[in-house]
Structure formats: C-alpha cells, structure tokens
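S.K.: with the sequence up front, the predicted model follows.
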Amino acid sequence: MTRASGNIAPLIAAMFACAIVLGPSFSAAVEPGEILADPALEARAREIGRELRCLVCQNQSIDDSNAALARDLRRLVRERVSAGENKDQVIAHVVARYGNFVRLKPPMEKSTYLLWFGPALALIAGVLAVRLLYRRKRAGAAPAERLDRSERARLDRLLRRE
Amino acid sequence: MKRVLYIVPVLAFAAAAALLGSRLGHDPQALPSALIDRPVPNFALPSPLEGAPGLATGDLKGRVTLVNIFASWCVPCGVEHPELTKLAREGRVAVVGINYKDKTADVRRWLGQLGNPFARIGQDLDGRVAIEWGVYGVPESFIVDAEGRIRFRHAGPLRPEDVTDRILPLIAKLGG
C-alpha cells in the first residue's frame, strides 16, 4: 500500500503541475481565431478580459464565457488593445456602456463601501458579541449572594430531613 | 439591563426584515443602464428592408422616441410585439427598431408576418451598435427624449403594465 502510494505521488504532483500551468488556458473560452498575433497585446487583452463580467452569465468573466455577447466584448477589447489603449482605458470604455457592474473587481466608491467594509464590520461585531458573552459568563460565575435568613432556615430544614 | 438586551434580537430581526423586504420584487438580474441621461451613442445603420430609411443618431432628435432592440430569432420579441404595435398606432411616441444579429431574409419574413411597427429600422449585423447602447440581451427598449438623451431603459419584453405604468407616464412627462 505504501509502495503504491509512493509510486503515485509523483504522478499526482505532475498532474497538479499540469493543472497549474495549463489550467488558465484551458478554462478560457477564447477561441483560436480571436487570439492576437502579438503575444504582448494578447496578454493584455487576457488580463482585461478576466476582469470584465459577462453580462449574460453574470458570474463568469468574458474570457470564461461562451456567450455570444462575451465573444463580441472580447473582440471589442482586442480592437481597443490593438489600437494602443492601456488596460484602464479599455475598461473605462466598457464601463461607460455597461456600468460598474461589468467589473469583476468593483471600484471603491460610496455605493460599494458596504461591499468592501462589510466583512470587517461583521468581524468586529462578532468579536464584540463574543466579548460581551464572556464577560457576562464571568459575572455569572462570581460567588452568589449570601443566603438570607429565611433561605438559610429552609436549607437547614431540607438538610435535616435528609 | 438584561430586559433591555432582549430587544436586541427583535431590532436585529426588524432591520434584516426591512432590508430584505425592500429588495423583494427587485429582479437581481436586471441591471441599471449606465447610459441614463447620456446622449445616444454615435451610430448609423442601414435598414434591413428594401428602400426603407435606416437608423442613425440624428434620427433620435426632435421627438420623444422609443428605441426597441429586437431580433426575429428572439421569442420574447414576438411576445412584446403587440405592445409596440399599439404604441406606434397611438402615435404618442415615435417607435424605431434596431435589428440585432439577424439575417435579412429572416427579419423581413418576421415583420411581414407580425406587421412592422417601426418607423425606422437599423440593421446591426455584428451587434457592435448594441454594445454601444449597453445592450446585453434582446429585447431591450429605450426612451430617448427630444434632445436625444436616453431617459429610460427596459430589459426584457414590454408587458402591458410596463407600458401603462412606466412608459406612457414618462412619455407624457417628456412631452412626447
């Protein structure tokens, strides 16, 4: 058994290496005909495409989506990149038409404060709640108040009956 | 002190209920248009019909206009077609169309069968003009005011209540 797993380990490692190296190119829906001849421009187009949301599937980037609109947007991105625009310019061009929703990395602005700071606020609220809980528990564990006279008498009675 | 703390969950529930309740009825897939109050994009498209006028940016000035993005292969477009026909017949708004990624023969047949409510049609063969309009699916409808600015966008087919509750009041407000 140990020998078998010893033999398999390098294979698994090789598979992981393949997945890491080849994964991104396999996951992209970019078709061979769309790819730009200049690798530097294509790399820029890929970088932009990964940050733009496909409006049809909404949870995929345009690079990952097979939707027709995603393909049209990839083509638009490549035209802009070929025309010499940088990443910010291309993204601004698409955002002007589709709004910030098209960005998979939302910008920091008033309407996204809750999105950016929400998790931190939830964490702070959680820590405060836990602290409050513990403090109360400790207070509860403190020595109870002394018994008053009637309680003491009742306890004595009960003990004597035993 | 302890009594007062009992109200915390109640308040938390009320806050959550108010937040979630206010979002009820919203379609999470429906996106606001980035082009509201912006001038219509620059474009010029030929008509898919023979001898008919095409559609260009300049045609959307001077009158309140409803711009409908449609295709013959789009089933909901056929569903909303009677609403467009009615709007065109009533004449309170100019109705024009952008034909999205369609074959010329198909759109001619479609309009021949259902009737043509559009005063002008532009044929967007590769969908590039639709991207300029921020369209992400057909059908979509836009209301453009007399100055050529986009004032309203509706994604999906126009239902009778969309027309009576939103489109007609907006047209009246814009003085169509």
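M.R.: The structure has been received and is ready for your questions. Residues are numbered from 1 along each chain as shown, chains lettered A, B, ... in the order given.
S.K.: helix/strand/coil for residue 147?
M.R.: Since no chain was named, I'll use chain A. Secondary structure, DSSP: H, G, I helix; E, B strand; the rest coil: residue A:147 is coil.
S.K.: equivalent analysis for residue B:137, please.
M.R.: With three-state DSSP as the basis, residue B:137 sits in coil.
S.K.: do you know how far it is from residue B:113?
M.R.: Taking C-beta to C-beta, to the nearest Å as the measure, residue B:137 falls 23 Å from residue B:113. C-beta coordinates here come from the backbone N, C-alpha and C atoms, glycine included.
S.K.: more neighbours, those two?
M.R.: Shown here are residue B:137 and residue B:113; by other C-beta atoms under 10 Å in any protein chain shown, residue B:137 has more neighbours (18 against 10).
S.K.: for that one, what are its contacts?
M.R.: A:55-56, A:69, B:155-156 (C-beta atoms under 8 Å, 6 or more residues apart in numbering or on different chains).
S.K.: ok, residue A:98 next?
M.R.: A:55, B:31, B:34, B:134, B:136.
S.K.: average model confidence for whichever helix or strand residue A:113 is part of?
M.R.: Per DSSP states H and E: residue A:113 is located in helix A:113-141. Helix A:113-141 carries an average pLDDT of 88.
S.K.: close to chain B, is it?
M.R.: No. On the criterion C-beta under 8 Å from any C-beta of the partner chain, helix A:113-141 is out of touch with chain B, staying 9.0 Å away.
S.K.: list the buried residues for stretch B:101-119?
M.R.: By neighbour count with 16 or more other C-beta atoms under 10 Å in any protein chain shown, stretch B:101-119 contains the buried residues B:101-102, B:107-108, B:110-111, B:116-119.
S.K.: and the end-to-end length of it?
M.R.: End-to-end distance for stretch B:101-119, by C-alpha to C-alpha, to the nearest Å: 19 Å.
S.K.: what lies in contact with that stretch?
M.R.: If you take C-beta under 8 Å, 6+ apart as the criterion, stretch B:101-119 is touched by A:68, B:48-49, B:68, B:71-73, B:78, B:81, B:84-85, B:87-89, B:94-97, B:99, B:121, B:123-127, B:130.
S.K.: in strands, which of those residues fall?
M.R.: Among the contacts of stretch B:101-119, DSSP state E puts B:68, B:94-97, B:99, B:121, B:123-124 in strands.
S.K.: nearest to residue B:151 among those?
M.R.: Nearest to residue B:151 out of the ones in strands among the contacts of stretch B:101-119 is residue B:94 (C-beta to C-beta; 13.9 Å).
S.K.: for residue 47, which non-adjacent residue is spatially closest?
M.R.: No chain specified, so I'll use chain A. residue A:87 (6.3 Å; C-beta to C-beta, 6 or more residues apart in numbering or on different chains).
S.K.: chain B is the one I meant
M.R.: Of all residues not flanking residue B:47 in the chain, residue B:54 sits nearest, at 4.4 Å (C-beta to C-beta, 6+ apart).
S.K.: any weak-confidence spans in chain A?
M.R.: Filtered on pLDDT under 70, chain A yields the residue ranges A:1-6, A:18-27, A:140-144, A:162.
S.K.: which segments of it make up each domain?
M.R.: Annotated domains of chain A cover A:2-107, A:113-161 [automatic domain parsing].
S.K.: deepest of the ones you listed, which one?
M.R.: domain A:2-107 (a mean of 15; mean count of other C-beta atoms under 10 Å in any protein chain shown).
S.K.: if we can go back for a sec, give the contact list for the residue nearest to residue A:47.
M.R.: Applying C-beta under 8 Å, 6+ apart to residue A:87 gives the contacts A:44, A:47-48.
S.K.: quick one on the thing from earlier: what would the contacts of residue A:98 look like in CSV with distance to residue A:7?
M.R.: CSV is the format used below for the contacts of residue A:98 (distance: C-beta to C-beta, whole Å):
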residue, distance to residue A:7
A:55, 48
B:31, 53
B:34, 57
B:134, 56
B:136, 51
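S.K.: now those residues in a markdown table, with secondary structure and distance to residue B:7?
M.R.: Formatted as a markdown table, those follow (DSSP: H, G, I helix; E, B strand; the rest coil; distance: C-beta to C-beta, whole Å):
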| residue | secondary structure | distance to residue B:7 |
| --- | --- | --- |
| A:55 | coil | 44 |
| B:31 | coil | 39 |
| B:34 | coil | 43 |
| B:134 | coil | 46 |
| B:136 | coil | 45 |
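S.K.: filter those residues down to the buried ones, ChimeraX style.
M.R.: Remark: buried members of these, expressed as a ChimeraX selection using 16+ other C-beta under 10 Å:
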select /A:55 /B:31,34,134,136
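S.K.: just the contacts of residue A:98: which has the poorest pLDDT?
M.R.: Scoring these by pLDDT puts residue B:31 last, at 69.
S.K.: just the buried subset of the contacts of stretch B:101-119, please.
M.R.: Neighbour counting with 16+ other C-beta under 10 Å marks B:48-49, B:68, B:71-72, B:78, B:81, B:84-85, B:87-88, B:94-97, B:99, B:121, B:123-124, B:127, B:130 as buried within the contacts of stretch B:101-119.
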